[in-house]
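*Asks:* show me the folded form of this:
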Amino acid sequence: MDASERYEQLIAYLSTHLPAPVEQEDHNGLLTMTGGAPGEVIARLTHTSVIIEEYAVRWETPFKPVVHPRRVGVVNWRRLSETILMTVVGQLIKGAREMRLSRYRTCRFCGRTNPPEWQHGEDTCQSCAANELGSVH
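*Replies:* Numbers count the residues shown, from 1 in each chain. The predicted structure follows:
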């Protein structure tokens with residue numbers, strides 16, 4: 001199998017193994033796939049490597065969240081056999097997703113479970129912080 005076929009196969013693998021839904025963007029040869037809603041795992045694919053990241057957000061301003069992922073692993077996919085490649089990438093996706101989900105917290109007021117960027121402290125979501133505690137964001 002040549003490199004272009006393996007590249008397409010890797011895209012198909014990522015599409016089916018990232019958490020649904022999967023969004024895909026191509027930026028000058030860098031294919032970025034984000035899985036989950038809200039985001040959980042990001043995969044960045046080039047013609048030589050695949051980078052798996054845990055989805056994360058930082059607030060640039062109180063009204064502007066910016067995606068700022070945490071790298072979990074990088075694999076030079078051309079150097080590995082198909083079986084090993086898929087196993088390694090699958091484990092990286094699993095690890096990134098588990099790390100992301102472990103950061104979710106349940107709000108003590110409304111009982112909803114939220115990603116960390118929507119929390120106001122450990123046990124209160126931003127909405128309840130405004131409504132119940134008078135916090136201003």
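*Asks:* all helices of the protein, in order?
*Replies:* Ranges of helices within the chain are 3-17, 82-102, 126-133, based on DSSP state H.
*Asks:* between the ones you listed, which has the poorest average model confidence?
*Replies:* Sorting these by mean pLDDT places helix 126-133 lowest, at a mean of 84.
*Asks:* now do the contacts for Arg112.
*Replies:* Thr106, Cys125 (Cβ atoms under 8 Å, 6 or more residues apart in numbering). C-beta: built from backbone N, CA, C; applies to glycine.
*Asks:* so how far is Glu132 from it?
*Replies:* 13 Å (Cβ to Cβ, to the nearest Å).
*Asks:* can you tell me which of the helices of the chain comes nearest to Phe63?
*Replies:* Closest approach to Phe63 among those (Cβ to Cβ): helix 126-133, 11.7 Å.
*Asks:* sorry, back to before: mind putting the helices of the chain into CSV with distance to Ile52 and mean neighbour count?
*Replies:* Shown next, in CSV, are the helices of the chain (distance: least, Cβ to Cβ, whole Å; neighbours: other Cβ atoms under 10 Å):
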stretch, distance to Ile52, mean neighbour count
helix 3-17, 9, 14
helix 82-102, 4, 16
helix 126-133, 28, 16
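*Asks:* need the ones you listed in TSV (columns: distance to Pro65).
*Replies:* Output for the helices of the chain, formatted as TSV (distance: least, Cβ to Cβ, whole Å):
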stretch	distance to Pro65
helix 3-17	24
helix 82-102	15
helix 126-133	11
